[in-house]
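Engineer: Predicted model, plus sequence, below.
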Amino acid sequence: MSSEILTKVFITLGALFLIGLVTDILGRRTRLPRVTLLIIFGFLIGPSGFALLPDMDAAWIDAISKVALVMVGFLLGEHLTHKAIRNQGALVLSVSLMVTLTTIIFVFLGLMLIGVDFELALLLAAMSTATDPAATIDVAHEAGAKGPFTSAVLGIVAIDDVWGLLSFSLILTVVDALAGGGAGMDAIVHGIKDVGGAMAIGIGLGIPMSLLTGRIRKGEPTQAEALGFVFLCAGIAIWFEVSFILASIMLGMTVANFAEHHKYAFHEIEGIEWPFLILFFVLAGASLDLSAVAAGGMVLTVYIVLRIAGRMAGGWYGGAFVGASTQQKAWFGAALLPQAGVAIGMALVGAQRIPEYASELLSVAIAATVIFELIGPILTKLALSRQGEVPMVASSSKG
């Protein structure tokens, strides 16, 4: 690697990490979540803005994104303990399932009403179920939010994409059969493999991690142990071509339930995840293309409006089914609006399998990411604040 490339890499990384500090200052003054600020900054320095970000290898960017997401997944798993499931399991399952179903129904029927093809409407409806765990968990951590509503939201986000992946696999099977693809069962098999394989890897590594970690002493050895297992989990999941995010969630869940002698692994990951998330959100912002928003047109508008409506309705009825308070029911949907990488991944798979809809799927996925990554974290933070679960200190110091 030449000295010129190394110079660009080190200067870029140093500048971006310092930007992470600046976002906290701006957050205190503007009350915007730092996720939104980082994405805006990434857009401004990216190709669609002032093009200040140097060219970087796509594989390097992909690796950073995966490192950040696998840490997020592991931390989300901490919220799926047997105690939390016993106390809030019915609420988490009810809201997550209802949000998934109502979002699919709302988006599908709305798109059909404006004349979108049946198959494309189905694919877009399935894509609308995806969330962005990274943005949600960072907003909660930044705000210092703690309480039953926050715990429920993090639990819902942890399993939301499971329902989304399963729904997408089933809907892709239907669309593939209608299009005459002749390989409808392949999508079901792939969906089962993706979810089942990821769960098996996470649990399979989580049991030895629970037994072996935290036995030496608190500090560097524990951090090395935690990172070793988390990265090993991600690598094995990617090797077997299953969901590495779900695998890391299951790893965190297993450790949280079986490692009763310590919680060090989660504390160590929390201590180092933010630098990777800075890079993740800035690079996500740099990849945004506003031209996709213009290309989406009416289909994009309906998709966005009805995805919001579907999640609000699902949060209300899912909460009502298990007796949640009116305050909680009214804000579950708003807390679950961020949408990013999983939706784009679904669009890429759909475009590959049904190429005649490739341009529509990708343009809506990219454009919706622009919008939901900007407004989603803001509404998530507002929802947590309205439950009274954001400490006044965090609210005033971090926005």
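Structural biologist: Nice, I can see it.

Engineer: For the spatially most central residue of the chain, give me its contacts.
Structural biologist: Nearest to the mean C-alpha position of the chain, by CA atoms, centre = their mean, lies Asp132 at 2.2 Å. The neighbours of Asp132, taking CB atoms under 8 Å, 6 or more residues apart in numbering as the test, are Pro338, Gln339, Ala340, Gly341, Val342, Phe372, Glu373, Gly376. C-beta coordinates here come from the backbone N, C-alpha and C atoms, glycine included.

Engineer: where does the stretch 1-150 of the chain dip in pLDDT?
Structural biologist: Scanning the stretch 1-150 of the chain for pLDDT under 70 picks out 1-2, 24, 27-28, 30-31, 55-60, 79, 84-85, 87.

Engineer: can you pull out the helices in it?
Structural biologist: 3-30, 34-45, 58-77, 82-113, 118-127, 133-143, 148-178 (DSSP state H, counting those that start in this stretch).

Engineer: I'd guessed Gln88 sits against Pro148; true?
Structural biologist: Yes. Gln88 is within contact range of Pro148, at 6.7 Å (criterion: CB atoms under 8 Å).

Engineer: Comparing the two, which residue is more hemmed in?
Structural biologist: When Gln88 and Pro148 are compared on other CB atoms under 10 Å, the one with more neighbours turns out to be Gln88, at 21 against 16.

Engineer: any idea how far that one lies from Ser96?
Structural biologist: Shown here: Gln88 relative to Ser96, a distance of 11 Å by CB to CB, to the nearest Å.

Engineer: Lys381 too?
Structural biologist: The span separating Lys381 from Ser96 equals 20 Å under the rule CB to CB.

Engineer: Check Leu211 too.
Structural biologist: Distance from Leu211 to Ser96, counting by CB to CB: 30 Å.

Engineer: so who does the nearest residue to Gly206 once chain neighbours are set aside touch?
Structural biologist: In space, and not counting its chain neighbours, Gly206 is closest to Thr254: 2.5 Å by CB to CB, 6 or more residues apart in numbering. Applying CB under 8 Å, 6+ apart to Thr254 gives the contacts Gly77, Gly202, Ile203, Leu205, Gly206, Ile207, Met209, Ser210.

Engineer: Isn't the third one up against Ile249?
Structural biologist: No. In this structure, Ile203 sits apart from Ile249 without contact. The criterion is CB under 8 Å, and the distance is 10.7 Å.

Engineer: Near Ala90, how many other residues are there?
Structural biologist: Neighbours around Ala90, by other CB under 10 Å: 14.

Engineer: who touches it in this structure?
Structural biologist: Ala90 is in contact with Val322, counting by CB under 8 Å, 6+ apart.

Engineer: so how far is Leu101 from it?
Structural biologist: In terms of CB to CB, Ala90 sits 16 Å off from Leu101.

Engineer: helix/strand/coil for Pro338?
Structural biologist: For Pro338, the assignment made with DSSP: H, G, I helix; E, B strand; the rest coil gives coil.

Engineer: What separation do you get for it and Leu123?
Structural biologist: Taken as CB to CB, the span from Pro338 to Leu123 is 21 Å.

Engineer: Repeat that for Leu300.
Structural biologist: For Leu300 relative to Leu123 (CB to CB), the value is 14 Å.

Engineer: Looking at these two, which is more packed in?
Structural biologist: Between Leu300 and Leu123, Leu123 has the larger neighbour count (other CB under 10 Å), namely 30 against 23.

Engineer: Give me the neighbour count for the closest residue to the more buried one other than its chain neighbours.
Structural biologist: Excluding its sequence neighbours, the residue lying closest to Leu123 (CB to CB, 6+ apart) is Gly350, at 4.8 Å. When neighbours are counted by other CB under 10 Å, Gly350 registers 28.

Engineer: what does Gly319 give?
Structural biologist: Under the criterion other CB under 10 Å, the count of neighbours that Gly319 has is 26.

Engineer: go on, the one 3 residues further on?
Structural biologist: As a burial measure, Val322 scores 15 neighbours (other CB under 10 Å).

Engineer: Which per-residue confidence value corresponds to it?
Structural biologist: Val322 is assigned 86 on the pLDDT scale.

Engineer: Please shift the residue numbers so they start at 19 in all later answers.
Structural biologist: All set: I'll call the first residue 19, so the last point we hit is now Val340.

Engineer: Without its sequence neighbours, what residue ends up closest to Gly333?
Structural biologist: When the adjacent residues along the chain are set aside, Gly333 lies closest to Phe350, with 2.9 Å between them (CB to CB, 6+ apart).

Engineer: Identify each buried residue in the strand or helix carrying the one you found, please.
Structural biologist: If you go by DSSP states H and E, Phe350 is part of helix 344-353. Across helix 344-353, burial judged by 16 or more other CB atoms under 10 Å covers Gln346, Lys347, Ala348, Trp349, Phe350, Gly351, Ala352, Ala353.

Engineer: Tell me what angle that helix forms with helix 100-131.
Structural biologist: Between helix 344-353 and helix 100-131, the angle comes out at 60 degrees (axes from the mean of the first three to the mean of the last three CA atoms, to 10 degrees).

Engineer: for helix 344-353, packing partners?
Structural biologist: helix 100-131, helix 166-196, helix 308-339, helix 376-404 (3 or more CB pairs under 8 Å, 6 or more residues apart in numbering; DSSP states H and E).

Engineer: So which residues make contact with that helix?
Structural biologist: Contacts of helix 344-353 (CB under 8 Å, 6+ apart): 113, 117, 154, 167, 170-171, 174, 326, 329-334, 336-338, 342, 397-398, 400-402, 404-405.

Engineer: Mind giving me the ChimeraX select for the residues you listed, buried ones only?
Structural biologist: Only the buried entries of those go into this ChimeraX selection, using 16+ other CB under 10 Å:
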select :113,117,154,167,170,171,174,326,329,330,331,332,333,334,336,337,342,397,398,400,401,402,404,405
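
Engineer: quick one, what contacts the nearest residue to Phe186 once chain neighbours are set aside?
Structural biologist: What sits nearest to Phe186 in space, not counting adjacent residues and going by CB to CB, 6+ apart, is Ala144, at 4.2 Å. When contacts are counted by CB under 8 Å, 6+ apart, Ala144 touches Ile122, Gly182, Ser185, Phe186, Ile189, Leu190, Met364.

Engineer: any idea how far Ala144 lies from Leu44?
Structural biologist: Distance from Ala144 to Leu44, by CB to CB: 36 Å.
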